[in-house]
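Engineer: This is a predicted model, with the sequence first.
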Amino acid sequence: MSTQTPDTKEETEESTTSTSPAQARRMEKKRRRAEERAEEAQAEAEAEAEEDTYHLKVFRYDPEVAGKQEPRFDDFHVPFEPGMTVLDALIYARDNYDPSLTFRHSCRQAVCGSDAMFVNGSQKLCCKTQLSDLQEPVRVEPLPHQEVVKDLVVDMQHFYEQMEAVEPYFQTDELPEGELEEQRQTRENREKIKMSTRCIWCGACMSSCNIAAGDNQYLGPAALNKAYRFYMDEREGEDVQQHRLEIIEQEHGVWRCQTQFSCTEVCPKDIPLTEHIQELKREAVKSNLKFW
Amino acid sequence: MAEQYSSFQRGGTRWLLQRVTAAFLVVVLAFHFFLLHFVNHAYEVTFAQSAFRMEQLSYYSLMILFLVTATFHGVNGVYNALVNQGLEGPQKTAVKWVLIVGSVILVVQGIRTANAWAGYGFI
């Protein structure tokens, strides 16, 4: 339906009723009252919106844009809906207020590990962090201890290098006999490595670790957890296990962990990272103490 | 990628020793504080008493062990804290040797003092 139609109708009505002065006054009064009502409704809506918005302070930085070379915080007031996550709020802010707001996100269901950020002073996966659990203003910053590329995007290269260093893939020299036979794992063993398989490579743990912050050679909690996942998998042969142990027991491997537990605290998948690292330390000590 | 770490020594033994000495030191430190701060008060300490204690072989050997483990625990702890902070390259080597030489001097001088006290002669 055309938006022009009602206007033309009103105009014709006005022209027909303008003949009687009393009628004109009544119409004038009516119009004023309608205007007042509209103003009131608008004020109410604004007040409501004020109550139901969340105040986000978002870190902004872009070395390629003159006005953003100096890091700063931008304020966004995002209308709140029940169930809204920090990622939803960021998406809303980008789509409605500032299309240049840059952040990584993909699956929006805590699987891809793209949107780990520093929210209100701790590493969080934005897509599974409810706004209603946070105090206002919600400060959203890029992950600490990594170089900022732009706004909330950090350089993950170093993190990926550490992950690759532990050879995060299944290797074995013990294959089952039959050609079509499956390589089975016991239920107990599966249970043992279950939590360690949940890592989504978001980098929150590495960013929270004080040791990893100061020591770039330290493998970090995520990589060590990955090493744990394969070291503890009993389908990998002894030679491969020994090879894995040699990687993790170097000076900047497991020994740098000071059992600070910050990685375990921030892990969005609740992986007991510190415990896994401690278990690897014990394995390394045990293998080094063996003299028979 | 793993090759880049291959030049580092294995740290397992030092890590284990740090834990073992910690457990030992907790007990010995408790004994030390109990004996030298609560039983014998600072104002009561005399040379003769200290010499007498050191003359007992059990006390003497405990003190030597105390000296060696405490030195290792302290020096290894400081070194590891610095490595955690990202100490590397020639500075790391320099710090390592300063700490090793320092701890050797400390242990040697400690043993000489204990010997003098125990009457084994000031070697």
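Structural biologist: Structure's in. What do you need?

Engineer: Please name the nearest non-neighbouring residue to residue A:129.
Structural biologist: Leaving out its chain neighbours, the residue that sits closest to residue A:129 by CB to CB, 6 or more residues apart in numbering or on different chains is residue A:86, at 4.7 Å. For glycine as for every other residue, the C-beta is placed from the backbone atoms N, C-alpha and C.

Engineer: show me where pLDDT drops low in chain A?
Structural biologist: Residues of chain A meeting the criterion pLDDT under 70: A:1-19, A:47-51, A:290-292.

Engineer: and it, which residues reach chain B?
Structural biologist: Contact residues, chain A versus chain B (CB under 8 Å from any CB of the partner chain): A:161, A:164-167, A:210-211, A:214-218, A:247, A:249-253, A:255-256, A:258, A:281, A:284-285, A:288-289.

Engineer: Can I get the buried part of these as one PyMOL selection?
Structural biologist: To isolate the buried subset of these in PyMOL, counting by 16 or more other CB atoms under 10 Å in any protein chain shown, use the following:
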select buried, chain A and resi 165+166+167+211+214+215+217+218+247+249+250+251+252+253+255+256+281+284+285+288
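
Engineer: all helices of chain A, in order?
Structural biologist: Assigned helices in chain A, in chain order: A:4-17, A:21-51, A:86-96, A:157-165, A:187-193, A:204-208, A:210-214, A:221-231, A:238-248, A:262-266, A:273-289 (criterion: DSSP state H).

Engineer: what are the phi and psi angles of residue B:75?
Structural biologist: The phi/psi pair for residue B:75 (degrees, to the nearest 10) reads phi -70, psi -40.

Engineer: Please report the number of neighbouring residues for residue A:39.
Structural biologist: The local packing of residue A:39 (other CB atoms under 10 Å in any protein chain shown) involves 10 other residues.

Engineer: And for the one 5 residues further on?
Structural biologist: The criterion is other CB under 10 Å. On that basis, residue A:44 has 10 neighbouring residues.

Engineer: Against residue A:78, how distant is it?
Structural biologist: As judged by CB to CB, to the nearest Å, residue A:44 and residue A:78 stand 20 Å apart.

Engineer: do residue B:57 as well
Structural biologist: Counting by CB to CB, the gap from residue B:57 to residue A:78 is 76 Å.

Engineer: neighbour-wise, which of these two wins?
Structural biologist: The neighbour count for residue B:57 versus residue A:78, taken as other CB under 10 Å, is higher for residue A:78 (22 against 9).

Engineer: I figured the more buried one hits residue A:92, correct?
Structural biologist: Yes. The pair residue A:78 and residue A:92 qualifies as a contact (CB atoms under 8 Å) at a distance of 4.9 Å.

Engineer: re earlier: you'd agree the residue nearest to residue A:129 is up against residue A:133?
Structural biologist: No. Look at residue A:86 against residue A:133 with CB under 8 Å: they stay out of range, at 9.6 Å.

Engineer: Please compare the two by neighbour count and tell me which comes out ahead.
Structural biologist: The neighbour comparison of residue A:86 against residue A:133 (other CB under 10 Å) goes to residue A:86, with 27 against 12.

Engineer: need the contact list for the more buried one.
Structural biologist: Neighbour list for residue A:86: A:117, A:119, A:124, A:126, A:127, A:129, A:131, A:134, A:138, A:140 [criterion: CB atoms under 8 Å, 6 or more residues apart in numbering or on different chains].

Engineer: try residue A:56
Structural biologist: Counting by CB under 8 Å, 6+ apart, residue A:56 makes contact with A:75, A:76, A:77, A:78, A:89, A:90, A:93, A:137, A:138, A:140.

Engineer: measure residue A:176 to residue A:231 for me?
Structural biologist: For residue A:176, the distance to residue A:231 equals 21 Å [CB to CB].

Engineer: now residue A:146
Structural biologist: In this view, residue A:146 and residue A:231 are 27 Å apart by CB to CB.

Engineer: Ok, residue B:40 next?
Structural biologist: Separation of residue B:40 from residue A:231 (CB to CB) stands at 52 Å.

Engineer: Likewise for residue A:222?
Structural biologist: From residue A:222 across to residue A:231, the span is 15 Å (CB to CB).

Engineer: what about stretch B:29-43, average pLDDT?
Structural biologist: The average pLDDT within stretch B:29-43 is 87.

Engineer: out of residue A:176 and residue A:231, which sits in the busier spot?
Structural biologist: Ranked by neighbour count (other CB under 10 Å), residue A:176 and residue A:231 place residue A:231 first, with 25 against 11.

Engineer: Would you confirm that the more buried one contacts residue A:241?
Structural biologist: Yes. Using CB under 8 Å, residue A:231 is in contact with residue A:241, at 6.1 Å.

Engineer: For stretch A:223-239, list every residue counted as buried.
Structural biologist: A:223-233, A:235-236.

Engineer: wait, stretch A:82-101
Structural biologist: Buried residues in stretch A:82-101, counted by 16+ other CB under 10 Å: A:84, A:85, A:86, A:87, A:88, A:89, A:90, A:91, A:92, A:93, A:94, A:101.

Engineer: Show me which residues of the longest helix belonging to chain B are buried.
Structural biologist: Counting by DSSP H, the longest helix found in chain B is helix B:89-118. Neighbour counts over helix B:89-118 (16+ other CB under 10 Å) mark B:99, B:103, B:106, B:107, B:110, B:111, B:114, B:115, B:117, B:118 as buried.

Engineer: surely the first one meets residue B:75?
Structural biologist: Think residue B:99. Yes. The pair residue B:99 / residue B:75 is scored as a contact, 4.9 Å apart, by CB under 8 Å.

Engineer: Settle this for me: residue A:171 is touching residue A:240, isn't it.
Structural biologist: Yes. If you go by CB under 8 Å, residue A:171 and residue A:240 touch, sitting 5.0 Å apart.

Engineer: Okay, and the beta partners of residue A:57?
Structural biologist: residue A:75, residue A:139 (DSSP bridges).

Engineer: how about the helices in chain B?
Structural biologist: Taking DSSP H as the test, the helices found in chain B are B:12-33, B:47-55, B:57-84, B:89-118.

Engineer: Apart from its neighbours in sequence, what residue is nearest residue A:98?
Structural biologist: Nearest residue to residue A:98, sequence neighbours excluded (CB to CB, 6+ apart): residue A:74, at 7.1 Å.

Engineer: Please name the residues that touch the one you found.
Structural biologist: Residue A:74 neighbours (CB under 8 Å, 6+ apart): A:57, A:58, A:60, A:98, A:101.

Engineer: where does chain B dip in pLDDT?
Structural biologist: Applying pLDDT under 70 to chain B flags residues B:1-11, B:122-123.
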